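In: build me a structure from this.
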Amino acid sequence: QYLEGAVPVVGGKVIFSTEMNIESMNKEQIFNTLLDWSNQRFQPDEKFNDRVLLHDKEKGIIVVNGEEYIVFSTSALALDRTRIYYHLYITCEDGKCKLDMARIRYWYDENRDGGEKYVAEEWITDEYGLKKKKDKLSRVSGKFRRKTIDRKDYLFNKFAGILK
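Out: Residues are numbered from 1 along each chain as shown. This next block holds a predicted model:
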């Protein structure tokens, strides 16, 4: 699930997409359910600037800014993590909902000399996130690829669960 083709590139940009069919709900019900959950889940605090950026009930559109830590490994002496930023674009229609996760960026090792900043397009695509034979993850960027796919799966599954 992490190897070739697992990170879709559309028009040069990494965009994870899914569409969910919810026959039992109309556009307004889907929109209200997802907006309520997004407003609760994506709240700014002292560390992160999570928030709903835009919502338009008439068009059925919600845009969310996500910011959180992804932990690669932790021990008593070391914590290996990155801050991930992303946008979720939610489009609601009668009986269905489309989710896109895009504009993915990372801030790695932020406490060490300002850290390193990466964009998904130059870090987790097949070209960068896999070894030459495309049969294994790259040593460093591969962990970002794996955890980003896991985060996307978690979020998409969470939204699907909310709409059931």
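
In: what are the ranges of the helices in the chain?
Out: Using DSSP state H, the helices of the chain run over residues 27-41, 126-129, 141-162.

In: which stretch among the ones you listed comes nearest T74?
Out: helix 141-162 (13.0 Å; Cβ to Cβ). For every residue, glycine as well, the C-beta is placed using N, CA and C.

In: quick check: angle from the closest one to helix 27-41?
Out: 130 degrees (axes from the mean of the first three to the mean of the last three Cα atoms, to 10 degrees).

In: packing partners for helix 141-162?
Out: For helix 141-162, the packing partners by 3 or more Cβ pairs under 8 Å, 6 or more residues apart in numbering; DSSP states H and E come out as strand 16-21, helix 27-41, strand 61-74, strand 79-93, strand 96-108, helix 126-129.

In: OK, contacts around the closest residue to G129 other than its chain neighbours?
Out: With sequence-adjacent residues excluded and distances taken as Cβ to Cβ, 6 or more residues apart in numbering, G129 is closest to R145, at 3.7 Å. Contact analysis of R145 by Cβ atoms under 8 Å, 6 or more residues apart in numbering lists Y2, A6, V7, W123, I124, G129, L130, L137, S138.

In: tell me how far R145 lies from L130.
Out: 8 Å (Cβ to Cβ, to the nearest Å).

In: find residues that contact each of those two.
Out: L137, S138.

In: S73 touches D80, doesn't it?
Out: Yes: counting by Cβ atoms under 8 Å, D80 is a contact partner of S73 at 4.6 Å.
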